[in-house]
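*Asks:* this one's structure only:
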């Protein structure tokens, strides 16, 4: 189906197919994760290194970004996980504006999902 | 619906051009059309003269290709990587993988995503109840026609009965298998006074748990295939 100009991009995208961005909190990102998504407030930003620090209420995590969001804004990032030994680095390809997001309702729904989809790996928060 | 549930479904291609394709979920629901809220994970790609457009959708439980054709390609032209969208689509299979054919795509706010997740939880609970009711009817009736009729009478989707038939048949086959194995063990070990139940369990330990063996022995007793000459020992009739 792909045209020649788009085949390369399609092939590059193919490796995404088995790796949804699993929901994690700051402290939950694991070396074995391929892609993760996190929701948090930007508590620091460094344009020199193109990185931000997110605080999600459970902890803090550094994320490399291509577009740096405003300090204090609530964002969701979808990031690839790179590891070096036990060190984990997050490289976000997507940063979503979640400024209108109802965090309290989100936590209640995550809790509900945890009870309903209790089989291993069956909730948004896999693993 | 969650993408994970869709990816765990079995795709059924319709035999007639006028019947839509569908997927059968693990809870035996037929799904022709889905609503999913997720993130546009890949930059959309387009065919020559916008004959088609494609992108990958990710809802954190799974990731799936979404395609649109002809006039509907414009919907994909209006989105970009990173957008949170609500998709309404039909199911299809392309190159041995499930994909979705977009009917409607709308960029939504993050709270819409929460609403969708709450709806999925409720729909899953409802589907589980329906599944249990259908299974109970099928096990009780043991006859597809009667089971379908009973399902209709009490408001359970009769098509679920048909989808569940293979599972029940498989269960019956497994039951027959263990019965044959128990009879084989008894025939082999019986020196005339019957075979102790522990010896039967021991012989089948690698392939069947003790509870399953006990249930198999009870069934063979009820069917009149074996008897208990002395307490705890079994012999063929």
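*Replies:* Received the coordinates, thanks. If you're wondering where the values come from, they're calculated on a predicted model, not measured in any experiment. Numbers count the residues shown, from 1 in each chain, chains lettered A, B, ... in the order given.
*Asks:* Can you show me the strands along chain A?
*Replies:* Counting by DSSP state E, residue ranges of the strands within chain A are A:22-23, A:35-46, A:51-55, A:60-64, A:74-84, A:87-97.
*Asks:* Tell me the helices and strands packed up against the second one.
*Replies:* Helices and strands touching strand A:35-46, by 3 or more CB pairs under 8 Å, 6 or more residues apart in numbering or on different chains; DSSP states H and E, are strand A:22-23, strand A:51-55, strand A:60-64, strand A:74-84. Where you see a C-beta, it was placed from the backbone N, CA and C, and this is true even at glycine.
*Asks:* Return the most buried member of the ones you listed.
*Replies:* Using mean count of other CB atoms under 10 Å in any protein chain shown, the stretch among the helices and strands packed on strand A:35-46 with the greatest mean number of neighbours is strand A:22-23 (a mean of 22).
*Asks:* Would you mind listing the buried residues in the longest helix seen in chain A?
*Replies:* Counting residues, the longest helix found in chain A (DSSP state H) is helix A:103-116. With burial defined by 16 or more other CB atoms under 10 Å in any protein chain shown, the residues of helix A:103-116 counted as buried are A:103, A:106, A:109, A:110, A:113, A:116.
*Asks:* Same check on stretch B:99-112?
*Replies:* Taking 16+ other CB under 10 Å as the basis for neighbour counts, the residues of stretch B:99-112 that come out buried are B:99, B:100, B:101, B:102, B:105, B:108, B:110.
*Asks:* A strand includes the fifth one, no?
*Replies:* Yes: with DSSP: H, G, I helix; E, B strand; the rest coil as the criterion, residue B:105 is part of a strand.
*Asks:* Pull up the gap between it and residue A:83, please.
*Replies:* Plainly put, residue B:105 is 35 Å away from residue A:83 if you go by CB to CB, to the nearest Å.
*Asks:* what's the span of stretch A:45-57, first residue to last?
*Replies:* The straight-line separation of the ends of stretch A:45-57 (CA to CA, to the nearest Å) is 18 Å.
*Asks:* Enumerate every residue touching residue A:26.
*Replies:* With contacts taken as CB atoms under 8 Å, 6 or more residues apart in numbering or on different chains, residue A:26 has the following neighbours: A:38, A:40, A:54, A:55, A:56, A:58, A:59, A:60, A:61.
*Asks:* Give the closest residue to the residue nearest to the spatial centre of chain B in space, chain neighbours not counted.
*Replies:* For chain B, residue B:26 is the residue whose C-alpha lies nearest the centre (CA atoms, centre = their mean; 2.2 Å). In space, not counting the residues next to it along the chain, residue B:26 is nearest to residue B:8; the distance is 5.5 Å by CB to CB, 6 or more residues apart in numbering or on different chains.
*Asks:* Residue B:25 is in contact with the one you found, correct?
*Replies:* Yes: taking CB atoms under 8 Å as the definition, residue B:8 is a contact partner of residue B:25 at 7.3 Å.
*Asks:* So which of those two has more stuff around it?
*Replies:* residue B:25 (19 against 15; other CB atoms under 10 Å in any protein chain shown).
*Asks:* any idea how far residue B:156 lies from chain A?
*Replies:* Going from residue B:156 to chain A by CB to the nearest CB, to the nearest Å gives 21 Å.
*Asks:* Compute the number of surrounding residues for that residue.
*Replies:* Look at residue B:156: counted by other CB under 10 Å, it has 22 neighbours.
*Asks:* can you confirm it is in a helix?
*Replies:* No: the assignment for residue B:156, made by three-state DSSP, is coil rather than a helix.
*Asks:* Could you report the pLDDT at the residue nearest to residue B:26?
*Replies:* Looking at residue B:8, its pLDDT is 92.
*Asks:* isn't residue B:133 right up against residue B:154?
*Replies:* Yes: in this structure, residue B:133 is within contact of residue B:154 by CB under 8 Å, at 7.5 Å.
*Asks:* Which one's more surrounded, the two?
*Replies:* Each of residue B:133 and residue B:154 has its neighbours counted (other CB under 10 Å); residue B:133 has more, 16 against 8.
*Asks:* Okay, and the more buried one sits in which element?
*Replies:* When secondary structure is defined using DSSP states H and E, the element that contains residue B:133 is helix B:110-141.
*Asks:* so that helix versus strand A:87-97, what angle?
*Replies:* With axes from the mean of the first three to the mean of the last three CA atoms, to 10 degrees as the criterion, the two stretches helix B:110-141 and strand A:87-97 enclose an angle of 100 degrees.
*Asks:* so what's residue 59 closest to, chain neighbours aside?
*Replies:* As the question left the chain open, I've gone with chain A. Counting by CB to CB, 6+ apart, the residue nearest residue A:59 is residue A:26, at 3.6 Å.
*Asks:* hmm, I had chain B in mind actually
*Replies:* Of all residues not flanking residue B:59 in the chain, residue B:38 sits nearest, at 3.5 Å (CB to CB, 6+ apart).
*Asks:* The one you found: neighbour count?
*Replies:* The number of residues packed near residue B:38 is 26, by other CB under 10 Å.
*Asks:* From residue B:82, how far out is it?
*Replies:* Applying CB to CB, one obtains 12 Å for the distance of residue B:38 from residue B:82.
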